[in-house]
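S.K.: Here you go, sequence then predicted model.
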Amino acid sequence: MRYEFKYLVPSENYTALRAALLPFLRADKFAAQQPNGMYTVRSIYFDTPSFEMYHTKVEGIAHRMKVRLRGYNLGDDGSPVFMEIKRKYEGPILKNRADAPFEVVCELFKSGVAFDDYAAQIKNPDNARRFFYQILSRNLLPVVNVIYEREPYLGKNFNIENDFRLTFDLHLRSVSYPTVDKLYDESGATFAFPGFFIMEVKFNQYCPDWIKPILEDFQLRKEPASKYVGTIDSNHFINPYSHGEAFSKSSLFAQHGATKFEKHKFTHTDAPALATNL
């Protein structure tokens with residue numbers, strides 16, 4: 001279980017806010033390997049034909065879920081890609097995550113492919129089964145690829161039990177109705193929240209006292225600031241109030257067609273088998 005607080009911050013406050021926070025933070029080791037201390041996050045979000053996951057977020061439903069495929073920077077066939085289910089239970093968040101090479105994940109989405117043939121190449125295959133169970137049993141299809149630059153930090157006095165992290169997520173943009181193999185392609189991207197960036201504060205047990213005066217100084221208040229909702233709302237190609245649009249416009253659906261997609265759902269392996277250990 002983990003807690004996440006989000007803040008929508010005017011871009012003109014970036015330099016001053018960063019300077020106020022840095023004395024309490026240390027760089028994330030992965031970002032420190034990048035030239036500018038940032039990496040690019042790319043996440044294809046899946047949803048039902050009626051955009052259930054969008055609406056549960058907008059309506060503030062206490063128990064909700066997101067299903068996404070995540071990669072980083074400019075990957076290739078061998079780059080690790082993460083299959084994630086993110087659940088929110090009122091306050092805390094629980095995440096199931098599995099990863100495999102990009103080329104393996106692309107294969108798993110193809111019609112007629114058996115999951116067990118690739119299980120040995122997947123880290124945490126039970127979580128991958130959970131991921132595909134959600135995809136197949138709920139007819140989820142890729143709706144939007146959410147892309148941004150992330151500048152991540154850890155608390156300077158790092159406590160592994162609390163695992164405090166703070167990130168600046170910049171230049172939020174999206175591509176509508178991507179296919180899985182286009183995870184690293186952002187051609188025609190549309191920007192969201194112009195003039196703002198998102199700061200996220202994450203922890204397991206408590207939020208450190210030192211951050212509260214800084215939040216007050218910059219008049220920052222915790223708010224939803226959902227990247228998924230924000231990119232959907234900014235993308236005129238997507239209408240979450242049109243029932244069935246996720247099916248009619250999804251490239252995956254257009255590629256396979258209704259008949260093939262029904263076959264595709266149950267040739268990975270039957271849904272009851274995927275439900276094992278859920």
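M.R.: Looks like it arrived, so ask away.

S.K.: alpha carbons only for contacts and neighbour counts from here, please
M.R.: Noted.

S.K.: which residue ranges form the strands in the stretch 51-200 of the chain?
M.R.: 63-72, 80-89, 93-101, 141-155, 165-176, 190-191, 196-203 (DSSP state E, counting those that start in this stretch).

S.K.: In contact with the spatially most central residue of the chain, which residues?
M.R.: Residue closest to the mean C-alpha point of the chain, counted by C-alpha atoms, centre = their mean, is residue 43 at 4.7 Å. Residue 43 sits next to 68-71, 145-147, 183 when contact means C-alpha atoms under 8 Å, 6 or more residues apart in numbering.

S.K.: now it: how far from residue 209?
M.R.: 32 Å (C-alpha to C-alpha, to the nearest Å).

S.K.: Give me whichever of the strands of the stretch 51-200 of the chain is most buried.
M.R.: Stretch with highest mean neighbour count among the strands of the stretch 51-200 of the chain: strand 141-155 (a mean of 25; mean count of other C-alpha atoms under 10 Å).

S.K.: quick check: mean pLDDT across that one?
M.R.: For strand 141-155, mean pLDDT is 97.

S.K.: Same check on stretch 203-213?
M.R.: On average, the pLDDT along stretch 203-213 is 94.

S.K.: circling back: can you give me the distance of the residue nearest to the centre of the chain to residue 95?
M.R.: 15 Å.

S.K.: before we move on, what about residue 192?
M.R.: 25 Å.

S.K.: centre of the chain versus stretch 87-103, how much separation?
M.R.: 9 Å (C-alpha atoms, centre = their mean, to the nearest Å).

S.K.: ok, now stretch 100-115?
M.R.: Taking C-alpha atoms, centre = their mean, one finds the center of stretch 100-115 at 19 Å from the center of the full chain.

S.K.: Find the nearest non-adjacent residue to residue 188, please.
M.R.: residue 175 (6.7 Å; C-alpha to C-alpha, 6 or more residues apart in numbering).

S.K.: try residue 32
M.R.: residue 38 is the one closest to residue 32 (C-alpha to C-alpha, 6+ apart), at 7.6 Å.

S.K.: how far away is residue 16 from residue 133?
M.R.: Counting by C-alpha to C-alpha, the gap from residue 16 to residue 133 is 45 Å.

S.K.: Report the contact partners of the spatially closest residue to residue 207 that is not a sequence neighbour.
M.R.: Spatial nearest neighbour of residue 207, chain neighbours left out: residue 164 (7.6 Å); criterion: C-alpha to C-alpha, 6+ apart. Contact analysis of residue 164 by C-alpha under 8 Å, 6+ apart lists 154-155, 158, 201-204, 207.

S.K.: out of the residues you listed, who's nearest residue 7?
M.R.: residue 201 (8.4 Å; C-alpha to C-alpha).
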